[in-house]
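J.: Got a predicted structure here, sequence first:
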Amino acid sequence: MSTKIGDRVKRKEDKRFTTGKGKYTDDVRNDNQAYAAFVRSPHAHASVKGIDISGAMAMDGVIDVLNGTQLTGDGIGNIICGWAITSKDGTPMKMGAWSALATEKVRYVGDAVAVVIAETQALARIAAEAVEVDYEILPVVASTTAAMKDGAVTIHDCAPDNQIYDWELGDEAATDAGLAAATHVTTLDLTNNRLSPNPMEPRSAIATYDDAEEHYTLYTTSQNPHVARLVLSAFYQVAPENKLRVIAPDVGGGFGAKIYIYPEEITCLWASMKTNRSVKWTSDRSEAFMTDAHGRDHVTTAKMGFDADGKITGFKIDTVANIGAYMSLFSSSVPTYLYAPLMSGQYDIQNIHCNVRTYYTNTVPVDAYRGAGRPEATYVVERMMETAAREMGLDPAELRRRNFIQSFPHQTPVLMAYDAGDFPKILEMAQETADVAGFATRKAEAASRGKLRGIGYSTFIEACGLAPSKAAGSLGAGVGLWESAEVRVNPVGSIEVLTGSHSHGQGHETTFAQIVADRFDIPVESVSIVHGDTDKVQFGMGTYGSRSAPVGMSAVVKAMDKVEAKVKKIAAHALEASEDDIVIEGGQVKVAGTDKAMGWHEVGLAAYIAHNLPDGMEPGLKETAFFDPVNFSFPSGAFICEVEVDPETGKTEIVQFTAADDFGTIINPMIVEGQVHGGVTQGIGQALLEQVVYDDDGQLLTGSYMDYTMPRAADVPFYHVEHHETPSPNNPLGVKGCGEAGAIGSPPAVINAITDAIGNNDLAMPATPQAVWRAIQAASKSVAAE
Amino acid sequence: MYPTKYHKPASIEDAIAALGGGDDAMVLAGGQTLLATMKQHLASPSDLVDIRAIEGLSGIAVRGGSLTIGAATTHAEVAGSGDVREQCAALAALASGIGDPAVRNMGTIGGSIANNDPAADYPAALLALGATIITNKREIAADDFFTGLFTTALDEGEIIVAVNVSAPTKAAYAKFDQPASRFALVGVFVANGASGVRVAVTGAGEDGVFRHAGLEAALSADWSGSAVDGVDVAADGLMSDMHAGADYRANLIKVMAKRAVSASA
Amino acid sequence: MTKVNMNVNGKAVSGDVPDETLLSQFLRETLRLTGTHIGCDTSQCGACVVHVNGQAVKSCSTLAVSLDGADVMTIEGLANGELHPMQAAFNDNHGLQCGFCTPGMIMSGVDMVARYKAEGKDLTSDAIRAELEGNICRCTGYHNIVKSIEDAAAKM
């Protein structure tokens, strides 16, 4: 069976996962294992007046109770946000101090003030409850609405009015003029609901300190172990990088939540040194809801103007975004550079202006969650397009078509230079698959059963493959966003690829092996992928932002280029031929047009035996490469959702969902489709089910699966997924990245379908049965009133 | 979890003794709610008295149109019982919709009604069916048993042994799930039998499961879905939380009642 | 501490554990069978599903001491020389991504197929979705999990 690019190769990693042999962080247990439990604030905002640890320390088996004053006293630095955003008045963003263990103040429910280290996990948790903290309760702002009010309590002294920045992108005057010239202006107020990422594996950290070597080892649930090491070392001063090994073994999903370096990992490392024990902490789900970074949480007003032909004349967006109590690692970039540059969507819009204000609130930090900024942008653009079409009496697909960008490259007014795509084609594919022509018949049939059937579109674009380092740097990023790879050909010809990308469900052990098998024409079984260990892999930037294929794989290709060049030199020398005549195929390295050949493994052996290498050539066959993309990649798609609503209960059923995507070159369609299924389901979750709720006192009301609705099997249908490939010209494989498309594109398709079904456009996410029922009631009242 | 001491008595007497022996002993009947509560440190019983090994506490018996279901009978056993399906198919259907398959293999009818979660399914069935709850001390009518949120008429040292249900002529349960927990946001059990028409509502009442007089009157006059249309289901006294307002719950009571009546057999 | 004896994956095992030890903790910590996972604390996610005396049970919601003498099957015991058809079907149909929910999904899948076969009922895709109420996956969108179970059901 072929295992090349484009083949549906079954996953090589599955055997260990299906037999219970996967090795996740919590599966690790060290010899001198102790357990950490955090003492967390029950208040959303309070001054810490004192901590009494005597009750906990008196318990048999409690090793130590450590606090923030000790932590900062030992020189552990504050947690930082790594992307500097500048307000439109030129002032820098206002980053408040965030200590891994709070010292003077707690700022959200769950903020850690101390840690108990004990012999068992159960005891650590019991002892944590016995630590008595004297809090002086402060007023709370639990939402951006509350944070923005005059006289609202200040969360960080550096931001007296709680505003972190007031930022803009685009030409406001030109956009105002475009809107003024419009014959129709659509205005919408939109909320992008706050979500909890919920990878099924809760976060976990096991830190071990070797006092003889002054060396730390950290097992942790990370999407980017090298970034974790860099930040722990350079900013938090835990240990120099050469004295800190970070291992992210099998990781059970990430979705953004495992990008960041949280207080718990820092504290476990420090505590392992303080107690000279291996310190383990594993979150339970309740703790995850309380402390994992949340996603989304925007409130937006948008105006879109159209001329008489339905062409967009201007698009103006005003957004308020919630950052939470502290600025998490990438939090500042999500509502800015990952958001506003997507406002052109698939459309040729000359005038766009986006203003974003962000605020502190007494809630857990908000950061990137699958899609990160792009779902929020897509929701605005695609709700606007559908609404405008309805207001102007146009077919929503037709309005989109009139505004589609038709030629590439295309420079938008909001930074992005789209490289490739075929938007009309993808929409047409989706419409055919979804049988849009037959919708009226299906609607009538549903009506005969008392159901309201509706259809909704979303034609969206992403900016993925994060990111060109120079461009990211110019926009404020504190790091480069390249990726690295090392390709090691062993003396027997088998290959190890060491990649800085990290797989936590994406199937890299299969797809990365496929590109190597394809290139050197060897079986995929001969290729092993190594990742997730800073002692094994050269520096890497990790996996997020749909970057593993466009950036990570590109680095592998660059390294393979170097390997191939050396292989050809070795073979040409051995076979007494010209390098230019050497070809690699069928497991052999051949002289084209002759029967002279060496086995692939023979070349490997020759490289290491080194008896017959060209003069001056170094022995060995191992190459490293770093790939820094020259542009983002721009996956695009057309999603069509069909729903049936039960008007009596307001319950929505997704009866059909079509996803037509352009991911550029596809390495493994099976895995790409799996990514789409999962992403769309998360988007449906956002649209119908999921919502983090804090009350006005900052208490988390959705603290477990009893109150936070995760999509379950019966909530979603089988999906229709198809692809149209327009290769990206900006990386060697032509790939664009597929991890986030589903989550980015689907929420507006769902809401557009429901609002179509019920005849009321005033519907916020999540469209719970109650929300839909109320919208139906409101619509029938307004009809009755007319 | 806080430390606890586990007991597995073989008789009711031993169970009562074990319950009396701890500072804060609790009965463990299936543990599908209690253990989760203990994990979250919301309960910390000194002793757990597992009643599942007590002879005669588990199983289903039919006697003259009357079903006796042992307290330690699992939801899966009730759902899968030919006797229950024959005598009261609605009860079997209700049991097949509690939790999920793995929970149904452990959770028990006695545990469910002793906990009396305001959104649990069984209380609606037992109240609508006019069931009798049999304890080690007495028999309690369902009307007297469910006394409020998470509270029942059970005394200290009193253990549910079985529930007794008379087969109705017609009955059905319609449930609208709270989307996250999958407990009932509103569940309505309608029954028409020897004790007349009874309609019990779970998931909605501020004081837990309750009978709805208006629906009972309307359905007594006319056992049909359309009879429900004319009933005024007030939002007063109904729960309002982030999942549903009282007015929405009131609407669901009517819709579920109607669907239950239509489905009743 | 109480001594617990069980038969786990066909082998007699025992351990001295505190009474409040959950079956999941007994499996993971005492026996070091770490294929059984913990994804929630409200008995909802199903990553911990194992079979006790032939029935699917959430091991996070069962006390080990209450199962003295029980037969327990975990994900580690399912393959018998070669992969169980359910395990193979998850690989064939890409029914897993991060793999964390997978052991519970497979154990629930095996249980539902066995029950439906015993009762002579047709395990439709809608039935599979309903049966998976107590198993949460964040990666796959369930599409390929349902396909995997359908595929395995045809082969079991």
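T.: Happy to help now that I have it. Numbers count the residues shown, from 1 in each chain, chains lettered A, B, ... in the order given.

J.: Could you use CA atoms for every contact and neighbour count after this?
T.: Will do.

J.: Chain neighbours aside, what residue packs nearest to the residue of chain B found nearest chain C?
T.: Per C-alpha to the nearest C-alpha, B:Ala102 is where chain B lies closest to chain C, at 4.5 Å. Computed as C-alpha to C-alpha, 6 or more residues apart in numbering or on different chains, the closest residue to B:Ala102 that is not its neighbour in sequence is C:Val57, at 4.5 Å.

J.: now for the helix or strand the residue of chain B closest to chain C falls within, which elements pack on it?
T.: Element membership for B:Ala102, per DSSP states H and E: helix B:101-106. Secondary-structure packing of helix B:101-106 (3 or more C-alpha pairs under 8 Å, 6 or more residues apart in numbering or on different chains; DSSP states H and E): helix B:75-80, strand C:55-58.

J.: what's the following helix or strand after the longest helix belonging to chain A?
T.: Taking DSSP state H as the criterion, chain A has its longest helix at helix A:554-575. Going down the chain from helix A:554-575, the next helix or strand is strand A:582-585, by DSSP H and E.

J.: Neighbours of residue 141, how many?
T.: Defaulting to chain A. By the other C-alpha atoms under 10 Å in any protein chain shown criterion, the neighbourhood of A:Val141 contains 30 residues.

J.: my question was about chain C
T.: Residues lying near C:Gly141 (other C-alpha under 10 Å) number 30.

J.: I'd assumed A:Gly683 was in contact with it.
T.: No. With contact defined as C-alpha atoms under 8 Å, C:Gly141 does not count as touching A:Gly683 (10.2 Å).

J.: partners of B:His7 in the sheet?
T.: B:Val49 (DSSP bridges).

J.: Pull the contacting residues for the most centrally placed residue in chain C.
T.: For chain C, C:Met107 is the residue whose C-alpha lies nearest the centre (C-alpha atoms, centre = their mean; 3.0 Å). Counting by C-alpha atoms under 8 Å, 6 or more residues apart in numbering or on different chains, C:Met107 touches C:Val49, C:Val50, C:His51, C:Ala56, C:Thr74, C:Ile75.

J.: Please apply the same query to B:Glu139.
T.: Counted by C-alpha under 8 Å, 6+ apart, B:Glu139 has contacts B:Thr132, B:Ile133.

J.: quick one: it from B:Thr132, how far?
T.: Applying C-alpha to C-alpha, to the nearest Å, the value for B:Glu139 to B:Thr132 is 6 Å.

J.: The longest strand anywhere in chain B near chain C anywhere?
T.: In chain B, assigned by DSSP state E, the strand with the most residues is strand B:184-193. No. Strand B:184-193 is not in contact with chain C by C-alpha under 8 Å from any C-alpha of the partner chain; minimum separation 14.4 Å.

J.: Could you export that strand as PDB, keeping only the C-alpha atoms?
T.: Presented in PDB, the C-alpha positions along strand B:184-193 are these (Å, rounded to 0.1, in the frame of the first residue of the first chain):
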ATOM      1  CA  ALA B 184     -34.200  16.700  33.500                       C
ATOM      2  CA  LEU B 185     -34.600  20.400  32.700                       C
ATOM      3  CA  VAL B 186     -38.200  19.500  32.800                       C
ATOM      4  CA  GLY B 187     -39.600  15.900  33.000                       C
ATOM      5  CA  VAL B 188     -43.300  15.200  33.100                       C
ATOM      6  CA  PHE B 189     -44.700  11.800  34.000                       C
ATOM      7  CA  VAL B 190     -48.400  11.200  33.300                       C
ATOM      8  CA  ALA B 191     -50.200   8.200  34.600                       C
ATOM      9  CA  ASN B 192     -53.800   7.100  34.400                       C
ATOM     10  CA  GLY B 193     -54.700   4.200  36.700                       C
END
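
J.: Give the next helix or strand downstream of the strand or helix carrying A:Asp756.
T.: Using DSSP H and E, A:Asp756 sits in helix A:741-758. With elements assigned by DSSP H and E, the helix or strand that comes after helix A:741-758 is helix A:769-785.

J.: What lies in contact with that next one?
T.: Contacts of helix A:769-785 (C-alpha under 8 Å, 6+ apart): A:647-652, A:758-760, A:762-764, B:243-244, B:248.

J.: Many thanks, we can stop here.
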